[in-house]
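**Student:** Provided below for reference: sequence and predicted model.
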Amino acid sequence: MLSFSALLRALPGNIAQGMIWGIMALGLYITYKILNFSDLTVDGSFSTGAAVTVMLIIAGCPAIVAVLIAFVAGCLAGLVTGFLHTVLKIAPILSGILTQIALYSINLHILGNKANQAINVNDYSLLLTLRNTKMAILVALIFAAVLIAILYWFFGTELGSAIRATGNNSQMAKAQGINIDKMKVIALSLSNGIVALSGGLLAQYQGFADVSVGRGAIVIGLAAIIIGSVIFEGKNKKEINFSILLGSAVIGGIIYYISIGIVLWLKLPTNDMKLFTAILVAVFLSVPNLSLGKKKEDKANAGN
Amino acid sequence: MLEIKNISKTFNPNSVNENKALKNVSLKLEDGDFVTVIGGNGAGKSTLLNAIAGTWLVDSGSIILDGEDVTRLAEFKRAKLLGRVFQDPMMGTAAKLQIQENLALANRRGQKRGLGWHISPEEIESFKETLRMLDLGLEDRMTAKVGLLSGGQRQALTLLMATLKQPKLLLLDEHTAALDPKTARKVLDLTVELVEKNHLTTFMVTHNMKDALNIGNRLIMMNEGSIILDVSGKEKEKLTINDLLELFNKTGELNDSMILS
């Protein structure tokens, strides 16, 4: 028997979780959309962020500082992927996978050689917790808003503009004297820093860090970005403000988690959740390719 | 301005696909030279241009640009000295960025890019003026994405970007070859106009013998990785298409697009 009120009761939790994953999507947006680099590091760096945050809080570090240090740890993970790709000339996807695999061991070390570590909200002062979903939504909203503002500013600077050029047309970027390797490393670091930060938020929300919490993060992040862009860009070819595009990724994350909530409410087997996500993302990814009237855009974006 | 000494480049060395693309090429360009470069397919024209641009490093020899030895310098570092326009109109501009963003990027060629805003109000005004010169109406579409422009418009914009910050050397790699004849003519006229206005030293690779003869003060013909003809001034003015065809026939490297041009 399905009760509608149960669905509504679960809604705030879904929104809070969706926003946290939406923040993760902001990080992924930098590599996937701006740098045009499919970065699989994120599955590892998300867990790193969760692990670093939890261990620091257990060690007595204030939660906000722990999250910021998690950001730095994520940046380092991105740096490694950037090094593998730009200095050692390893293909983008493989560079990300290598870092991700390496991070699995590193994350276990961070967690004190345990698969998970708990932080009880009764014992520690956390930024957000699932015990208070309204507060959690507010905190996640503040983080999302601040990050969107920072990214909006950053990608409007000379440096940010050079990163956008690198992702769009690296040959053009080189001809304008842009060090594209440096731009890639900066973008990968920033991206994974944000991903780790969101991992730190999720760990606090859930009250524990798990070594595999980031498994499939890239697919969830992609789902958020794609759902957001389908809703906000759609067939509308008019120029959309960059901050709205970023915001749409966060909203995409919320919509994704609400739909997950509905799936759970319908009592569909949760074991099939990843399958459901993969199908959802595949459908959203293919829609723009299959719809008619696409040829013009292909031409316009050539040379990317 | 440019001094190339004995450069060589072999692609896929020691394999069945070995290709000696440049063989001991030497070339000196004076300040203000406008040299057109012709030759059959695989003659080494674009290879020579790419060697100057730093697409890859040469195997031997040296390249001195504006007094600086750039032989081992990475492509993006040489960019401070060079303006470039590619054969593919999509190559020289970033499609997802606005017209004015592309221009702002070009206006910072070779400079350190920091955390200042990517464009200043003064730049927007001056870009508008510069774009007006093109007479394509782009000055009213400054915030439009470059991807919305036609190939000819994009190539004109690339030219503008290449010359926006006075380059020591302008490299043009068959930059009109992918355009329809009318647009190609327009872009070529614009090229000559910009080169004259800014007194640029120019290295233009072309397939079109007529253009090669009509434009510039110097002509180079390449064949099998070597320069086989280098004429300038009066000598070049006297040169005719028939002379060139004869030379091509001798080398047996004539190709269809050259006959048809």
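**Tutor:** Thanks, I have it. This structure is a prediction, so every number in the text was calculated from the model and none was measured.
**Student:** tell me, how many neighbours does the closest residue to A:I254 other than its chain neighbours end up with?
**Tutor:** With sequence-adjacent residues excluded and distances taken as C-beta to C-beta, 6 or more residues apart in numbering or on different chains, A:I254 is closest to A:G18, at 3.6 Å. Using the backbone N, CA and C atoms, a C-beta is placed for each residue, glycine as well. When neighbours are counted by other C-beta atoms under 10 Å in any protein chain shown, A:G18 registers 27.
**Student:** show me how far whichever helix or strand A:G18 is part of is from its chain's centre.
**Tutor:** Applying DSSP states H and E as the criterion places A:G18 in helix A:4-29. Chain-centre distance of helix A:4-29: 13 Å, with C-alpha atoms, centre = their mean, to the nearest Å.
**Student:** tell me the buried residues in that helix?
**Tutor:** For helix A:4-29, a neighbour-count test (16 or more other C-beta atoms under 10 Å in any protein chain shown) marks A:7, A:10-11, A:13-29 as buried.
**Student:** if we can go back for a sec, so the residue nearest to A:I254 sits against A:S259, correct?
**Tutor:** No - A:G18 is beyond contact range of A:S259, at 9.3 Å (criterion: C-beta atoms under 8 Å).
**Student:** phi first, then psi, for the nearest residue to B:S226 once chain neighbours are set aside.
**Tutor:** Distances taken as C-beta to C-beta, 6+ apart place B:K23 nearest to B:S226, at 5.2 Å, with adjacent residues excluded. For B:K23, the backbone dihedrals (degrees, to the nearest 10) come out as phi -120, psi 100.
**Student:** B:K23 is in contact with B:M222, isn't it?
**Tutor:** No - look at B:K23 against B:M222 with C-beta under 8 Å: they stay out of range, at 10.3 Å.
**Student:** of these two, who's got more company?
**Tutor:** Remark: of B:K23 and B:M222, B:M222 carries more neighbours, 26 against 15, as counted by other C-beta under 10 Å.
**Student:** which of the three states applies to the more buried one?
**Tutor:** At B:M222 the chain is in strand, as set by DSSP: H, G, I helix; E, B strand; the rest coil.
**Student:** can you show me the strands along the chain?
**Tutor:** Unless you meant another one, I'm taking chain A. A:116-118, A:208-210 (DSSP state E).
**Student:** oops, I was thinking of chain B
**Tutor:** Going by DSSP E, chain B shows strands at B:2-11, B:19-29, B:34-39, B:60-65, B:68-69, B:82-85, B:169-173, B:202-205, B:218-223, B:226-232.
**Student:** per-residue pLDDT, residue 101?
**Tutor:** Using chain A here. In this model, A:I101 is scored at 97, pLDDT.
**Student:** chain B is the one I meant
**Tutor:** At B:E101, pLDDT is 97.
**Student:** so it sits against B:H118, correct?
**Tutor:** Yes - counting by C-beta under 8 Å, B:E101 does reach B:H118; the two are 6.5 Å apart.
**Student:** identify the contacts common to these two.
**Tutor:** A:S161 (C-beta atoms under 8 Å, 6 or more residues apart in numbering or on different chains).
**Student:** the residue of chain B found nearest chain A: how many residues sit nearby?
**Tutor:** In chain B, the residue that lies nearest chain A is B:M90 (3.0 Å; C-beta to the nearest C-beta). Close neighbours of B:M90, defined as other C-beta under 10 Å, add up to 24.
**Student:** same check on A:A149?
**Tutor:** A:A149, neighbours per other C-beta under 10 Å, totals 12.
**Student:** and A:I142, what does it touch?
**Tutor:** Per C-beta under 8 Å, 6+ apart, neighbours of A:I142: none.
**Student:** could you measure it against B:L138, distance?
**Tutor:** 42 Å (C-beta to C-beta, to the nearest Å).
**Student:** number of residues surrounding the closest residue to B:I99 other than its chain neighbours?
**Tutor:** Closest residue in space to B:I99, ignoring its immediate chain neighbours: B:M142 at 5.3 Å, by C-beta to C-beta, 6+ apart. B:M142: 16 surrounding residues under other C-beta under 10 Å.
**Student:** report the contact partners of B:M142.
**Tutor:** Shown in contact with B:M142 (C-beta under 8 Å, 6+ apart): B:98-100, B:124, B:127-128, B:131.
**Student:** who wins for neighbours among the residues you listed?
**Tutor:** Ranked by neighbours (other C-beta under 10 Å), those are led by B:I99, which has 25 neighbours.
**Student:** that one contacts B:L134, correct?
**Tutor:** No - in this structure B:I99 lies outside contact range of B:L134 using C-beta under 8 Å: 10.8 Å.
**Student:** between these two, what contacts are shared?
**Tutor:** Joint contacts of B:I99 and B:L134 (C-beta under 8 Å, 6+ apart) are B:L157.
**Student:** residues from the stretch 1-150 of chain B in reach of chain A?
**Tutor:** B:53, B:75-77, B:79-80, B:82, B:84, B:86, B:88, B:90-97, B:101, B:104-106, B:108-111, B:113-118, B:143, B:145, B:147-148 (C-beta under 8 Å from any C-beta of the partner chain).
**Student:** show me where pLDDT drops low in chain B?
**Tutor:** B:252-261 (pLDDT under 70).
**Student:** now stretch B:227-240: how far from the chain's centre is it?
**Tutor:** 20 Å.
**Student:** nope, stretch A:226-236 is what I was after
**Tutor:** On C-alpha atoms, centre = their mean, the centre of stretch A:226-236 falls 18 Å from that of its chain.
**Student:** could I get the average pLDDT for it?
**Tutor:** 77.
**Student:** need the contact list for the closest residue in space to B:Q98 that isn't next to it in sequence.
**Tutor:** Excluding its sequence neighbours, the residue lying closest to B:Q98 (C-beta to C-beta, 6+ apart) is B:T143, at 4.9 Å. With contact taken as C-beta under 8 Å, 6+ apart, B:T143 is in contact with A:239, B:98-100.
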